Every structure is written in C-alpha cells, then in structure tokens.
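Q: Have a look at this prediction, sequence included:
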Amino acid sequence: MITTIGLEVHAQLGSRTKIFCGCEVKFGSSPNTQVCPVCLGLPGVLPVLNREVFLLGLRAVLALGGTPSQVIKFDRKNYFYPDLPKGYQISQYDSPLGRGGFIETGSGRKIRLNRAHLEEDAGKLIHDQSPEASFVDFNRAGTPLLEIVSEPDLESPDEAYDYLTHLKAILKTVGVSECDMEKGHLRCDANVSVRKAADDPLGKKVEVKNLNSFKAVKAALEYEVRRQIEALGKGEALVQETRLWDDGKEKTFPMRSKEEAHDYRYFPEPDLVPFSVSEEEIEKVRRALPELPKQRKERLMRENQLSAYDAELLTQDNGAYALFIDTAGKVTREQYKDVANWIIGSGFAYAGAHATELGRTRLSSGNLAKMIALVAQGKVSLQIAKEKIFPEVAEHGRDPEAIVREKGLEQVSDAGALDEWAAQVIRENPKVVNEVKSGKDTAVMFLVGQVMRKSQGKANPGKVQEMLRKKLSG
C-alpha cells in the first residue's frame with residue numbers, strides 16, 4: 001500500500017494586534033475581554049488590514065522559498081458555526097499571499113508547498129463550564145493566521161513529523177511566529193489517503209482534525225493509515241470525510257463529510273480592496289531575512305566541527321543556537337562538542353521539565369563556559385556540575401564558581417580519600433570484583449559508580465577508575 005499525506009498548518013503570526021482591528025493579541029485573558037465591534041462583526045464596522053501582519057506573512061513566504069502573488073486579495077469564506085461571529089471568515093481563495101516553495105526534511109527530500117494565505121481565526125467554544133450549555137470566548141476571533149498548505153508529497157507519518165519540525169524551525173528562526181502549540185500558535189490538519197499501487201489514482205482523502213501536537217499528528221496518521229488499509233483489505237468502500245482525533249482513545253472518529261471549496265461560497269471581500277506589492281518592498285523583506293536553519297546547520301558543521309545530528313538539534317531552537325554561538329566564542333575549539341552536549345543534554349532537559357524554552361531561562365553563555373571550564377580543570381565532576389550547579393545557574397543565573405565555593409562542591413582528587421572509598425566498594429562488591437578480575441572489563445564502571453555515590457559525586461571519576469584498575473590488577 002502507498003500512503004499519501006498533505007498537511008495544512010495554521011501558524012499564528014506574531015503581531016501585537018489582530019489582523020483587521022486594533023485589539024491586542026494576548027493569551028490567557030479573561031473571556032471576551034480582547035474584543036471590539038470589528039472582530040465581533042457588529043453592523044456598520046469595517047476591517048483594516050494590519051500592515052505588520054502582512055509583512056510577517058510575506059517574510060514567511062520568502063523564507064519558505066515561495067513566490068508572492070502579484071495581486072493580494074481577500075475573500076469571504078461562508079459557513080455557520082457558533083464561534084464565528086460574522087457568519088463568515090475573512091480569508092484568501094484565488095489570490096493568496098504566496099504560492100510554491102518547499103520544506104527540506106532531514107532525509108533531504110523537498111516537500112513542495114502549494115500556497116500560503118492570510119486569514120483570521122475564529123473564537124473558541126468552551127464546553128466544560130456547565131453540563132447544560134456551551135459558551136463562546138471571542139478573544140481569538142480576528143487573531144492573524146498564516147495557513148501553509150503542502151502538496152500531497154509526504155509518504156509516511158514519520159516524514160510528516162519531520163516536515164512539521166523543519167517548518168516550525170524556519171518560522172521561529174525568521175521571527176514570524178512563536179509556534180507554541182500549547183497556546184494555539186501552531187495548529188495542523190492532515191489529509192491522508194492510501195492506494196494499492198503507484199499508478200493507481202489517489203484514494204479517498206480523509207482530513208483529520210483536532211491535532212494539538214506533532215506527536216498527535218504522527219499518532220493520528222499512523223492510526224488512520226492502518227484503518228484505511230484494513231478497510232481496503234476487507235473490500236470496504238472509503239469515503240471522503242473529516243474525522244476527529246481522540247488523544248485519549250488514540251482513534252479517529254467521523255465528524256462530517258468533507259467540504260469542497262464551493263460549499264463555502266467564496267466571494268471577494270467587498271470591504272478590503274485588492275492591492276499589489278512592489279518588487280522593491282519584496283526585496284527589502286528578503287534582504288532582512290536572517291540565516292535559515294539549513295544554512296546555520298551547515299555552518300555549525302563546517303566551522304564548529306559538529307555532527308549533523310547535533311547541528312540539526314541546535315538550529316531548531318533560536319535560543320539554543322544563540323547560546324551555542326555565544327558560548328563557542330568563550331571556549332577552545334576542542335570544547336565545541338562539550339558546549340553542544342551541555343545544551344542538548346542538560347539545557348533541553350531543564351527547559352522541557354519547566355515547560356519553557358532555553359532562551360527564556362537564566363542560563364548565559366558566560367556561565368555555561370565557566371561550568372565547562374570547571375569540569376575541564378578537574379575542579380568539579382561532570383556529575384556534580386549537571387546535578388548541583390546547572391539547575392541553579394539556569395533558574396537564578398548564579399555564578400557557577402560561587403555555587404561551588406558556597407556548597408563545597410570541589411572535586412576530590414586526594415589519593416587518601418579516594419583510596420578509602422575504593423577499598424570500601426571493593427569489600428562490599430565481591431561478585432563484581434571477581435568479574436573484573438576474570439576479564440569483564442566493563443564491570444569496573446559499576447565500581448566507579450559506587451565510589452561516586454559514596455562521595456556524593458565529588459570523587460574524580462578518572463582517578464577513581466585508575467585506582468580501582470590498579471588495585472584489582474594484582
């Protein structure tokens with residue numbers, strides 16, 4: 001069976017105000033406090049395009065390798081739903097902001113983009129406030145979105161996940177969106193179909209909605225591909241429809257038959273005049289684009305001798321990339337890999353555990369360079385640096401050297417102290433000692449770990465290993 005996938009990603013553009021009015025875009029506000037007559041669709045009001053939104057969208061189109069349309073026009077997409085205050089959504093149909101472009105995945109495949117267009121968001125339905133009624137919060141109504149539509153070039157759920165990761169990295173790098181899925185900055189609908197052979201026509205397209213994370217996109221696509229293959233295997237007919245993903249049950253469920261463009265009765269938005277963009281303005285935006293993730297990755301590999309894997313991870317996060325570049329300027333060339341390891345290991349782990357991003361922590365390049373130096377000079381063990389020093393530096397921005405002095409975390413290299421710990425561990429672990437003596441060399445690392453535990457991480461692991469080998473070699 002051959003799988004065909006296309007993705008529709010809605011990225012919230014990072015403007016301070018909404019797309020057609022001056023209401024502030026602010027996450028977490030009390031319901032219906034960030035609204036005005038324009039975004040509520042009250043009679044007699046007129047929308048005005050936010051220039052900042054337009055320029056952010058244009059920047060995204062160019063960063064994705066797309067071609068801006070010669071004429072920019074808005075349209076009304078008509079449908080009824082309680083969270084849509086006007087009864088229609090201002091979007092773009094036949095003259096989007098841009099067409100074409102591509103996303104290059106980690107495997108080097110270029111996934112073509114069909115289009116990118118601007119539109120306003122709807123409100124939000126709230127179902128858990130009362131068992132008898134649903135409520136509507138219109139704070140999101142009018143929030144600026146850029147919908148990025150891929151061609152059906154994706155061939156697996158894993159590739160779709162990879163595509164989304166690279167798309168997010170580009171949007172964040174050029175500063176058009178924060179891409180925080182928990183705040184609704186990035187939402188995705190997936191279209192998927194299966195067929196038996198490459199020369200068969202595409203199968204019935206199923207759109208999957210309610211995907212609130214990249215992990216959910218991958219899981220929903222895996223389920224849907226299995227469901228469609230099983231249905232075809234049983235001779236059942238598949239229908240074009242929209243389905244909802246249930247994260248808890250890990251299944252998709254039918255929602256409605258799939259709409260076509262004519263179902264929305266698109267027509268030109270009469271309150272917004274079509275306009276063109278000069279080549280000079282386009283080139284001005286293009287020249288202001290920062291280095292994109294792919295170029296950053298290549299430079300890290302070329303100039304900092306990082307592996308493709310490390311460089312890829314560092315360029316997917318602006319804060320991580322900036323921290324690496326700044327710290328690399330404060331250490332030796334031989335320590336570039338150490339910098340990458342600290343950021344990818346302890347840095348990402350800390351940020352994930354605190355539901356934040358590395359750039360929003362108190363970790364500075366100067367303090368990271370000091371921690372690397374403390375370990376390299378043998379003043380503290382790597383374990384102590386990771387467990388006792390790094391958290392305080394990341395949370396409070398404290399000087400690592402001051403933490404070492406204050407808490408007495410200096411690494412112990414004194415032969416007498418190490419000898420005593422080593423002797424205790426040898427007495428307490430006769431079975432492991434025999435394994436080492438019988439030639440099982442890796443068993444010595446268990447003994448090193450026991451010494452580190454007894455010393456509360458302060459023992460010099462290199463000298464401990466050397467001492468244990470010497471004691472057990474006789």
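A: Structure received.

Q: From now on I want contacts and neighbour counts done on CA atoms only, so please keep to that.
A: Will do.

Q: hey, C-alpha coordinates of stretch 440-450 in CSV?
A: What follows is stretch 440-450, C-alpha atoms only, in CSV (Å, rounded to 0.1, in the frame of the first residue of the first chain):
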residue,chain,number,x,y,z
LYS,A,440,34.9,-8.5,32.3
ASP,A,441,36.4,-5.0,31.9
THR,A,442,33.1,-3.1,31.8
ALA,A,443,32.3,-4.2,35.3
VAL,A,444,34.8,-1.8,36.7
MET,A,445,32.5,1.1,35.7
PHE,A,446,29.9,-0.3,38.2
LEU,A,447,32.5,0.1,40.9
VAL,A,448,33.3,3.6,39.8
GLY,A,449,29.7,4.5,40.1
GLN,A,450,29.6,3.1,43.6
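
Q: Pull out the buried residues from that stretch.
A: By 16 or more other Cα atoms under 10 Å, the buried positions in stretch 440-450 come out as 443-444, 447-450.

Q: distance of residue 376 from residue 331?
A: Separation of residue 376 from residue 331 (Cα to Cα, to the nearest Å): 11 Å.

Q: In terms of neighbours, single out the busier of the two.
A: residue 331 (19 against 14; other Cα atoms under 10 Å).

Q: give the contact list for that one.
A: residue 369 (Cα atoms under 8 Å, 6 or more residues apart in numbering).

Q: What does the pLDDT read for it?
A: Per-residue pLDDT puts residue 331 at 93.

Q: ok, and what's touching the one helix or strand residue 394 maps to?
A: In the assignment (DSSP states H and E), residue 394 maps to helix 390-396. Applying Cα under 8 Å, 6+ apart, the external contacts of helix 390-396 come out as 346, 350, 361-363, 367, 371, 398-400.

Q: partners of the helix or strand where residue 253 lies, with directions?
A: In the assignment (DSSP H and E), residue 253 maps to strand 251-257. According to DSSP bridges, strand 251-257 forms sheet pairs with strand 241-246 (antiparallel).

Q: residues touching the closest residue to residue 326 other than its chain neighbours, list them.
A: Leaving aside its sequence neighbours, residue 326 sits nearest to residue 365 (Cα to Cα, 6 or more residues apart in numbering; 5.7 Å). Contacts for residue 365 (Cα under 8 Å, 6+ apart) come out as 323-324, 326-327, 330.

Q: now do residue 339
A: With contact taken as Cα under 8 Å, 6+ apart, residue 339 is in contact with 324, 327-328, 368-369, 372.

Q: Can you tell me the element it falls in?
A: Using DSSP H and E, residue 339 maps to helix 336-342.

Q: rewinding a little: could you single out the nearest of the buried residues of stretch 440-450 to residue 431?
A: residue 443 (10.0 Å; Cα to Cα).

Q: helix/strand/coil for the closest one?
A: What DSSP: H, G, I helix; E, B strand; the rest coil gives for residue 443 is helix.

Q: so it touches residue 432, yeah?
A: Yes - contact criterion Cα atoms under 8 Å: residue 443 and residue 432 qualify, at 6.4 Å.

Q: how about stretch 347-362: buried residues?
A: For stretch 347-362, a neighbour-count test (16+ other Cα under 10 Å) marks 347-348, 350-351, 357-359, 361-362 as buried.

Q: what's the answer for stretch 421-441, then?
A: Judged by neighbour count (16+ other Cα under 10 Å), stretch 421-441 contains these buried residues: 421-422, 425-426, 432-433, 436-437.

Q: for the stretch 201-350 of the chain, which spans come out with low pLDDT?
A: Within the stretch 201-350 of the chain, the ranges that satisfy pLDDT under 70 run 256-262.

Q: One more pass at 80, please.
A: Along the stretch 201-350 of the chain, segments meeting pLDDT under 80 span 201-203, 210, 256-264.

Q: residue ranges for the helices of it, please.
A: Secondary structure of the stretch 201-350 of the chain (DSSP state H, counting those that start in this stretch): helices at 214-233, 279-287, 293-303, 308-314, 318-328, 336-342, 348-353.

Q: between the longest one and strand 241-246, how many degrees?
A: In this structure, helix 214-233 runs at an angle of 130 degrees to strand 241-246, with axes from the mean of the first three to the mean of the last three Cα atoms, to 10 degrees as the basis.
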